[in-house]
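>>> Sequence and computational prediction follow.
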Amino acid sequence: MNGSILICTDLDRTLLPNGNQPESPAARQRFSCFAAREEVRLAYVTGRHLALVEKAIANYVLPRPDFVIADVGTSLYESADDSWRRRADWDEQFASEWGGMDHTAIRLLFADMIELQLQGAAKQSRYKLSFYVPLYTDKHTLLPAMQQRLERQQVRASLIWSIDDPAGIALLDVVPESATKFHAIKYLMHREGFTPENTVFAGDSGNDLPVLSSPLLTILVANATGDVREEALQLSAYHGTSDSLYLAKGDFMGMNGNYSAGILEGVAHFLPQTRAWMGEGT
């Protein structure tokens, strides 16, 4: 890619400073200047659908990305002038994994599970079924029970669990097996010619763990909860990928390591040549 790098980042509480921890002054502006460089390709990787991504870009004055991986990996868009082009080739990769069942049929498999509260229509998509779950729920019992029902119907699915700390609720997404954030990033890398050496991902929450524990170069921003930090460390150790996980801690360029400050810190750690692009030392 002629020296280009691919920066993939989650939005809520990773790039967006909408968590409980403070944002470093000017960190987002520094990130925007960095992302504007011709060597940088930018992808937002999020559970949001495209309209909410656009809302976040406007509300938080974010740089317009080259790509959006939305709906927890089940949709992929490419920037095309002032609009977005959905990559139908990505949909084709996993369309068969739900065994011919549609969104409604999958939902009915879990109709008697009282722990599952269906999220609003705006949080659903063709290949993403999303629930709220009380925090006290034992996910180690719930998730295997759901997976058994899916397997009986020959549905190949991934169950993505995360916690919305400000709202005090767990989030559970049912998606096709190969339609996760990790698979979408790998597909984007392959199609755009990026390698594991010039691709970096940043995240903060449970639905980022499959990427954070993968062989990709990954960053856990400093504002992530202790539970997510511990699980990321455990999973990366289990998979033998500890060297590719960086935990932002702050003090880089005088910033605190939260949100966009943590992204910049991690990118500088893995790709030292980018320090000059960020204006370090100037």
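That came through, no problem.

>>> Same question for the spatially closest residue to Val45 that is not a sequence neighbour, what's its three-state structure.
Once flanking residues are discounted, Val45 sits nearest to Ile69: 4.4 Å by Cβ to Cβ, 6 or more residues apart in numbering. No exception for glycine: its C-beta is placed from N, CA and C like everyone else's. Following DSSP: H, G, I helix; E, B strand; the rest coil, Ile69 is assigned to strand.

>>> Model confidence for Ile69, exactly?
Ile69 is assigned 97 on the pLDDT scale.

>>> How about the one 5 residues further on?
With respect to pLDDT, Thr74 has a value of 93.

>>> Spatially, which residue comes closest to it, not counting chain neighbours?
Nearest non-adjacent residue to Thr74, counting by Cβ to Cβ, 6+ apart: Tyr127, 4.0 Å away.

>>> Which segments of this structure make up each domain?
5-91+179-277, 96-176 (automatic domain parsing).

>>> okay, those, which one's buried deepest?
domain 5-91+179-277 (a mean of 19; mean count of other Cβ atoms under 10 Å).

>>> Would you map the strands across the stretch 101-250 of the chain?
Remark: strands assigned in the stretch 101-250 of the chain by DSSP state E, counting those that start in this stretch are 117-118, 129-133, 157-164, 169-176, 199-203, 217-220, 245-247.

>>> which stretch in those has the least confidence?
Among the strands of the stretch 101-250 of the chain, strand 157-164 scores lowest, at a mean of 91.

>>> Partner strands of it and their direction?
Sheet pairing of strand 157-164 (DSSP bridges) gives strand 169-176 (antiparallel).

>>> For Asn18, find the nearest of the strands of the stretch 101-250 of the chain.
Of all the strands of the stretch 101-250 of the chain, it is strand 157-164 that lies closest to Asn18, at 10.7 Å by Cβ to Cβ.

>>> what does the closest one rub up against?
The contact list for strand 157-164 (Cβ atoms under 8 Å, 6 or more residues apart in numbering) reads 47, 72, 97-98, 106, 135, 139, 143, 146-147, 150, 169-180, 205-208, 210, 225, 227-228.

>>> C-alpha coordinates for it, PDB please?
Taking C-alpha atoms only, strand 157-164 is exported to PDB below (Å, rounded to 0.1, in the frame of the first residue of the first chain):
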ATOM      1  CA  ALA A 157     -23.900 -17.800  14.500                       C
ATOM      2  CA  SER A 158     -21.700 -15.800  16.900                       C
ATOM      3  CA  LEU A 159     -23.100 -14.400  20.100                       C
ATOM      4  CA  ILE A 160     -21.500 -11.100  21.000                       C
ATOM      5  CA  TRP A 161     -21.700 -10.000  24.600                       C
ATOM      6  CA  SER A 162     -20.800  -6.600  26.000                       C
ATOM      7  CA  ILE A 163     -21.700  -4.200  28.800                       C
ATOM      8  CA  ASP A 164     -23.100  -0.700  28.500                       C
END
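
>>> Tell me what angle it forms with strand 129-133.
40 degrees (axes from the mean of the first three to the mean of the last three Cα atoms, to 10 degrees).

>>> tell me how far strand 157-164 is from the chain's mean position?
Using Cα atoms, centre = their mean, to the nearest Å, the distance from the centre of strand 157-164 to the centre of the chain it belongs to is 11 Å.

>>> And stretch 37-57, by the same measure?
11 Å.

>>> Quick check: end-to-end length of it?
18 Å (Cα to Cα, to the nearest Å).

>>> mean confidence score for it?
Mean predicted lDDT for stretch 37-57 stands at 96.

>>> quick check, Glu92 in a helix?
Yes: assignment of Glu92 by three-state DSSP places it within a helix.

>>> separation between it and Gln124?
21 Å (Cβ to Cβ, to the nearest Å).

>>> on that earlier part again, which residues does the residue nearest to Val45 contact?
With Cβ under 8 Å, 6+ apart, Ile69 has these contacts: 8, 43-46, 75-77, 181, 184-185, 188.
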